[in-house]
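[1] would you be able to build a 3D model of this:
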Amino acid sequence: MKLGYLSRAALAFSFSSLTAIAFAEPMTYIIDSGHTYPAFEADHQGGLSIWRGKIERSEGTVVFDKEAQSGTVEVTMDMASIDFGHAGMNEHAMNSDILDVPQFPTATYVGQLADFVNGSPTAVEGELTLHGVTLPVDLTINRFRCQPHFRHGREVCGADAETVIDRGAFGVTYDLDQGFFPEVKLLITIEAQIPPEE
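    Okay, the predicted model is just below:
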């Protein structure tokens, strides 16, 4: 029995679609440190005001599989680059009574992209290592988008995510006995792009 033209076309289309899916691979995006700034909001004096700051230097990768709707995130943050917008506080934060940067120079976050909606993740399920302590920390992704870069054309992905951690659980207990609140809100803006071909 011979296949009609439409049947052959449909079969060819189905085969090509299956082949494309079979050969689709996760893409690795390198974090653009110039456009990635993990930021934070922390209490000052038990509700008197809010300290805001950011980590100036970070690096890592995002692996994203659009077809499988899965992926991973790995970020390393240079804690010596923390910036409160106050030179004295920046220096004090390095000391052993707060972040102890000489002993714990980096913080890391490793997680899995999760809860995909319309092809985009809305959460990350992962672990944060801070001050030598590793604990589960999940992120809510408020926005996630991938598109060609407007200058060089290589694909770039951007995301805006947030969560709240208890700094005391990570051993950062400075002035908690004076009534400071332990909750720290993390506000993470990230851009990562496919590297140029060598």
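[2] any idea how many residues pack against V164?
    When neighbours are counted by other CB atoms under 10 Å, V164 registers 12. For every residue, glycine as well, the C-beta is placed using N, CA and C.
[3] please renumber the chain so that the first residue is 8 from this point on.
    Sure, I'll start counting at 8 from here, so that last one is V171.
[4] okay but it is in contact with E190, surely?
    Yes: using CB atoms under 8 Å, V171 and E190 qualify as a contacting pair, with a distance of 5.4 Å.
[5] helix, strand or coil for G92?
    Three-state assignment for G92 (DSSP: H, G, I helix; E, B strand; the rest coil): coil.
[6] next up, the contacts around the nearest residue to it once chain neighbours are set aside.
    In space, and not counting its chain neighbours, G92 is closest to G60: 6.2 Å by CB to CB, 6 or more residues apart in numbering. By CB atoms under 8 Å, 6 or more residues apart in numbering, the residues touching G60 are 46-47, 49, 89-92.
[7] ok, for P155, nearest residue in space, not its chain neighbours?
    Nearest to P155 is E162, by CB to CB, 6+ apart, at 5.9 Å.
[8] isn't the one you found right up against A199?
    No: at 9.6 Å, E162 does not count as touching A199 under the criterion of CB under 8 Å.
[9] hey, which strand is longest across the chain?
    strand 140-155 (DSSP state E).
[10] contacts for that one?
    Outside strand 140-155, the residues that reach it (CB under 8 Å, 6+ apart) are 71, 116, 118, 127-135, 161-170, 172, 176-178, 193, 195.
[11] one more pass at 6 Å, please.
    Around strand 140-155, the neighbours that count as contacts under CB atoms under 6 Å, 6 or more residues apart in numbering are 127-132, 134-135, 162, 164-170, 172, 177-178.
[12] swap in stretch 102-121?
    78-84, 86-87, 100-101, 128, 130-139, 181.
[13] ok, which stretches of this structure are strands?
    According to DSSP E, the strands that the chain contains are 34-38, 44-51, 56-62, 65-72, 77-85, 89-90, 113-124, 127-137, 140-155, 162-173, 190-200.
[14] output these as TSV; include the columns distance to L106 and mean pLDDT.
    TSV is the format used below for the strands of the chain (distance: least, CB to CB, whole Å; pLDDT from 0 to 100):
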stretch	distance to L106	mean pLDDT
strand 34-38	22	97
strand 44-51	12	96
strand 56-62	11	96
strand 65-72	15	97
strand 77-85	11	97
strand 89-90	7	97
strand 113-124	9	98
strand 127-137	8	98
strand 140-155	12	97
strand 162-173	14	97
strand 190-200	12	97
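[15] make a markdown table from those strands and add distance to I105 to it.
    A markdown table is the format used below for these (distance: least, CB to CB, whole Å):
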| stretch | distance to I105 |
| --- | --- |
| strand 34-38 | 26 |
| strand 44-51 | 11 |
| strand 56-62 | 12 |
| strand 65-72 | 19 |
| strand 77-85 | 15 |
| strand 89-90 | 10 |
| strand 113-124 | 13 |
| strand 127-137 | 12 |
| strand 140-155 | 14 |
| strand 162-173 | 15 |
| strand 190-200 | 12 |
